[in-house]
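Quick one: sequence plus predicted model below, questions after.
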Amino acid sequence: MDIKKPFVVGAGIMGAGVGQLCAQKGYEVTVVDISEEIVEKAKGKVRAGLSRRVEKGKITQDEMESVLSRMNWSTDLDLAKESDFVVEAASENLGVKKEIFKKLDFICLPETILATNTTALSVSEVASATSRADKVIGMHFFNPAVIMKLVEIIRGEKTSEETIATAKKFAENLGKIPITTSKEAPAGIVSRVLGGLLNEAAVVYSEGIASPEDIDEAMKLGAGLPMGPLALIDMIGLDIHLAKMETLYEKFKDERYKPPEVIRKMVAEGKLGKKSGEGFYKY
Ligand code: NAD
């Protein structure tokens, strides 16, 4: 099945990014969120990001306008009835996602594929809110969605091979390289491997071993990472990282995934990283 009308639920960091990516690749896309205010903010961010690319000479003003013209923004989930492929990128909360999937199941055409961009929740559990578990799949984009090459395709227990093939093709049409898990795998590959590393960097910081700058520089120079782990947590969002590690800890009952106290404390203080203006660094 060739995808013609993608639809994105959630206009946060990931939803706005996936929406922009679709528009850049020529798709007419609709992005929805729960309030006009959030939608307007996301729209402004996408415009500002594209303007910077125009200033740098990477795209022309006309290209920018044509990308923006392919993006429709709304607060009306019912518009998903015209879509053949929905990417849900709402908050990382099972209740929220199940509620959205239940509504989408009712709104969308029977053949529409429903993908979740969840970091660590079970695709099968999300799918259980629908009557089309064979058409529910994990499609895990990375941040920033416009740039990062990988998309993890994560199976639910009942996801059909046809759904997997369509999601892979869609990812390729978006210029991405899909990697598919062989079985249901909350947190896929990258988040699970990376999660422990990010936790440990936060612990090293909280023990006062070095400054965020030095921890990041050390990991870049000594481990060949392109970006320091603390700058990366700031970019992901401390709340998102915390939610992911809590899910993994609950699921696997393994101390390796237990979120460190320092992350909990910072989230409670509203230090969520780049999006809130402060995390391990100030923005
Ligand atoms: P975010 O907090 O920036 O955005 C989430 C958005 O979802 C918010 O704007 C919120 O208003 C909206 N939302 C909540 N309930 C909704 C509903 N019922 N209908 C429509 N919109 C609703 O979060 P994010 O970082 O964009 O993460 C979104 C999803 O992507 C999460 O599942 C997260 O785990 C996953 N993810 C995040 C990253 C990352 O680096 N931030 C990377 C990969 C995947």
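Everything's here; your move.

need the residues of the stretch 51-200 of the chain near the ligand, please.
Within the stretch 51-200 of the chain, the residues that sit near the ligand (C-beta under 6 Å from any ligand atom) are 89-92, 96, 100, 117-119, 140-143. (Glycine included, C-beta is placed from N, CA and C.)

Can I have the buried ones of those residues as a PyMOL selection?
Selection of buried members from these for PyMOL, criterion 16 or more other C-beta atoms under 10 Å:
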select buried, resi 89+90+92+100+117+118+119+140+141+142
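
mind putting the residues of the stretch 51-200 of the chain next to the ligand in JSON lines, secondary structure and pLDDT included?
As requested, these are arranged in JSON lines below (DSSP: H, G, I helix; E, B strand; the rest coil; pLDDT from 0 to 100):
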{"residue": "A89", "secondary structure": "coil", "pLDDT": "98"}
{"residue": "A90", "secondary structure": "coil", "pLDDT": "98"}
{"residue": "S91", "secondary structure": "coil", "pLDDT": "93"}
{"residue": "E92", "secondary structure": "coil", "pLDDT": "89"}
{"residue": "V96", "secondary structure": "helix", "pLDDT": "98"}
{"residue": "I100", "secondary structure": "helix", "pLDDT": "98"}
{"residue": "N117", "secondary structure": "coil", "pLDDT": "97"}
{"residue": "T118", "secondary structure": "coil", "pLDDT": "95"}
{"residue": "T119", "secondary structure": "coil", "pLDDT": "88"}
{"residue": "H140", "secondary structure": "strand", "pLDDT": "97"}
{"residue": "F141", "secondary structure": "strand", "pLDDT": "98"}
{"residue": "F142", "secondary structure": "coil", "pLDDT": "95"}
{"residue": "N143", "secondary structure": "coil", "pLDDT": "91"}
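
Make JSON lines from the residues of the stretch 51-200 of the chain next to the ligand and add distance to G279 to it.
Below are these laid out as JSON lines (distance: C-beta to C-beta, whole Å):
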{"residue": "A89", "distance to G279": "21"}
{"residue": "A90", "distance to G279": "22"}
{"residue": "S91", "distance to G279": "18"}
{"residue": "E92", "distance to G279": "17"}
{"residue": "V96", "distance to G279": "23"}
{"residue": "I100", "distance to G279": "27"}
{"residue": "N117", "distance to G279": "21"}
{"residue": "T118", "distance to G279": "22"}
{"residue": "T119", "distance to G279": "17"}
{"residue": "H140", "distance to G279": "22"}
{"residue": "F141", "distance to G279": "21"}
{"residue": "F142", "distance to G279": "18"}
{"residue": "N143", "distance to G279": "14"}
